[in-house]
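**Student:** Predicted coordinates and the sequence they were generated for:
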Amino acid sequence: MDRLRDRTALVTGGGNGIGRAIALRLAQEGAAVLVTDVQDDAGEKVAGEIRDGGGRAVFVHHDVTDEHSWSAAVDRAAAEFGGLDVLVNNAGIGDLGAIEDTTLEDYERTISVDQTGVFLGMRAAADLLKASGHGSVINISSIFGASGGFGTSPAYHAAKGAVRTLTKNVALAWARAGVRVNSIHPGFIDTPMLDQARGTEFETAMLDVTPMGRLGRPEEIAAAAAFLAGDDASFVTGAELYVDGGYIAR
Ligand code: NAP
């Protein structure tokens, strides 16, 4: 449990859900973590939890759709920790409607956070990740980045599918620069993102299409991220790792 000693990580959307679990786990593994989020109280709390546990962490307010916010976050990682080894592009939002009910504004908002935010993050962190000598990027896509899901949430599927191929594209671009780039595809995970689905037919449907018959836990995604972040995954790049209770195997 000390696989990331002397490494530094930036986790977007680190205040809640999966990002929180990833930030805590990378810190447990020894990394210094820059926790970023638009939710200041939640993000500060996670950074505080890490420090209380004896780890190193700083919270920075950061909107992943804003390129200036990205420069500031990456500069802060360099200033606080002297560099950046691991970038986790986790921040995301969902959309729930049918395509006929999706406004252009809604569509573009989801694309902006879930897809453009990942592009901006990798571009902003490129120099530091290459300088690291063992850089690792983990992009959080979804099972909905590789399937049509329930035929709803069109912007989310479009964005998560783009993250899957963008990951492979940048993995090739950086393969000889010492930076690995992989995507994780969570199934249905018990986080605040699912709050709007609780008690609805969508919740029943999620369990029906998950062969293991339960929701995943954020810690189960964090375990996959801890593997991809460090040297255990030193020959893994351009991969898509499904942590989904068997969903994609059906
Ligand atoms: P979550 O509980 O809603 O946490 C996401 C965090 O990201 C929230 O704090 C959120 O703030 C923040 N965020 C939203 N927009 C942002 C922005 N523009 N800049 C920075 N931070 C922003 O979601 P989660 O379930 O942990 O999801 C994390 C990632 O996993 C997402 O990419 C999601 O698509 C993916 N994923 C989740 C599931 C699942 O079942 N939960 C399944 C597959 C993939 P707000 O609360 O203000 O939005």
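**Tutor:** Perfect, thanks for sending it.

**Student:** Do the lengthiest strand in the chain and the ligand come into contact?
**Tutor:** What stands out as the longest strand in the chain, according to DSSP state E, is strand 179-186. Yes - residues of strand 179-186 contacting the ligand under Cβ under 6 Å from any ligand atom: Pro186. (C-beta placed from N, C-alpha, C; glycine too.)

**Student:** distance between that strand and the chain's centre?
**Tutor:** Computed by Cα atoms, centre = their mean, to the nearest Å, the chain-centroid distance of strand 179-186 equals 9 Å.

**Student:** Only C-alpha atoms, please: export it in CSV.
**Tutor:** Output in CSV follows, covering the C-alpha atoms of strand 179-186 (Å, rounded to 0.1, in the frame of the first residue of the first chain):
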residue,chain,number,x,y,z
VAL,A,179,3.3,9.0,-20.2
ARG,A,180,0.7,6.2,-20.1
VAL,A,181,-2.9,7.1,-20.8
ASN,A,182,-5.8,4.8,-19.9
SER,A,183,-9.5,4.9,-19.4
ILE,A,184,-11.6,3.4,-16.6
HIS,A,185,-15.2,2.5,-17.4
PRO,A,186,-17.3,2.3,-14.3
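
**Student:** That strand: what's the following helix or strand?
**Tutor:** helix 201-208 (DSSP states H and E).

**Student:** what does stretch 151-164 rub up against?
**Tutor:** 89, 94-99, 102, 106-111, 113-115, 118, 139-142, 144-146, 148-149, 183, 185, 240 (Cβ atoms under 8 Å, 6 or more residues apart in numbering).

**Student:** That one near the ligand anywhere?
**Tutor:** No - using Cβ under 6 Å from any ligand atom, stretch 151-164 stays clear of the ligand, with a minimum separation of 6.7 Å.

**Student:** May I have the helix or strand of the chain at the bottom of the mean pLDDT ranking exported as PDB, CA atoms only?
**Tutor:** Sorting the helices and strands of the chain by mean pLDDT, DSSP states H and E puts helix 201-208 at the bottom, at a mean of 91. Listed next in PDB are the C-alpha coordinates belonging to helix 201-208 (Å, rounded to 0.1, in the frame of the first residue of the first chain):
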ATOM      1  CA  GLU A 201     -37.500   2.500 -12.500                       C
ATOM      2  CA  PHE A 202     -34.000   3.400 -13.700                       C
ATOM      3  CA  GLU A 203     -32.600   2.100 -10.400                       C
ATOM      4  CA  THR A 204     -34.300  -1.200 -10.900                       C
ATOM      5  CA  ALA A 205     -33.100  -1.300 -14.500                       C
ATOM      6  CA  MET A 206     -29.500  -0.600 -13.400                       C
ATOM      7  CA  LEU A 207     -29.600  -3.700 -11.100                       C
ATOM      8  CA  ASP A 208     -31.300  -5.800 -13.800                       C
END
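
**Student:** right, is it up against the ligand?
**Tutor:** No - contact of helix 201-208 with the ligand (Cβ under 6 Å from any ligand atom) is absent, the minimum separation being 8.1 Å.

**Student:** Mind listing what's buried along that helix?
**Tutor:** Met206 (16 or more other Cβ atoms under 10 Å).

**Student:** cool, stretch 167-177 as well?
**Tutor:** Applying a neighbour-count criterion of 16+ other Cβ under 10 Å, one finds 167-168, 170-171, 174 buried in stretch 167-177.
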